[in-house]
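this is the structure alone, sequence omitted:
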């Protein structure tokens, strides 16, 4: 079987996001196609991910070996792979999340004691 690799018009830089732990939905619905959170890059270049009421700060890490994102194409008995992009770095979020509390609710735990 002949396998052909062909580059496609690659646009932009792709990055892998690595999270530690488990992310679960409250209503047990899968995240298929949905938005998980909001990723932004701060002025100092630090990646910040906000998921619900939790905020994580990450860091860029260069991959030891870059890897390609491929899309399989089958036609006329042959298989070819389009190279969609090559990933060379990842964002690692390895610290515990910081809880976001609205200013109106800060200090309530001390009042309720």
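In hand now; what should we look at? Computed from a predicted model, the values in this text were never measured in an experiment.

which SSE is residue 55 in?
strand 54-57 (DSSP states H and E).

any idea how far that strand is from the chain center?
What separates the centre of strand 54-57 from the centre of its chain is 13 Å, taken as CA atoms, centre = their mean, to the nearest Å.

equivalent analysis for stretch 49-67, please.
That offset, for stretch 49-67, works out to 7 Å (CA atoms, centre = their mean).

now the closest residue to residue 41 other than its chain neighbours: how far from residue 63?
Nearest non-adjacent residue to residue 41, counting by CB to CB, 6 or more residues apart in numbering: residue 47, 5.7 Å away. All C-beta spots, glycine's among them, are computed from the backbone N, C-alpha and C. Counting by CB to CB, to the nearest Å, the gap between residue 47 and residue 63 amounts to 15 Å.

which element is the closest residue to residue 42 other than its chain neighbours on?
Nearest residue to residue 42, sequence neighbours excluded (CB to CB, 6+ apart): residue 48, at 5.7 Å. If you go by DSSP H and E, residue 48 is part of strand 47-51.

sheet-wise, list the partners of that strand with their directions.
strand 38-41 (antiparallel), strand 54-57 (antiparallel) (DSSP bridges).

buried stuff in that strand?
Across strand 47-51, burial judged by 16 or more other CB atoms under 10 Å covers 47, 48, 49, 51.

how about these in TSV, adding distance to residue 88?
Output for those, formatted as TSV (distance: CB to CB, whole Å):
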residue	distance to residue 88
47	15
48	21
49	20
51	25
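
for these, which one is nearest residue 39?
residue 49 (5.1 Å; CB to CB).

mind listing what the nearest residue to the closest one once chain neighbours are set aside touches?
Spatial nearest neighbour of residue 49, excluding adjacent residues (CB to CB, 6+ apart): residue 56 at 4.7 Å. Residues near residue 56 by CB atoms under 8 Å, 6 or more residues apart in numbering: 19, 48, 49, 50, 93, 95, 97, 98.

just the pLDDT for the second one.
Here, the pLDDT recorded for residue 48 equals 94.

what pairs with it across the strands?
residue 40, residue 57.

compute the first-to-last residue distance for stretch 46-57.
End-to-end distance for stretch 46-57, by CA to CA, to the nearest Å: 7 Å.
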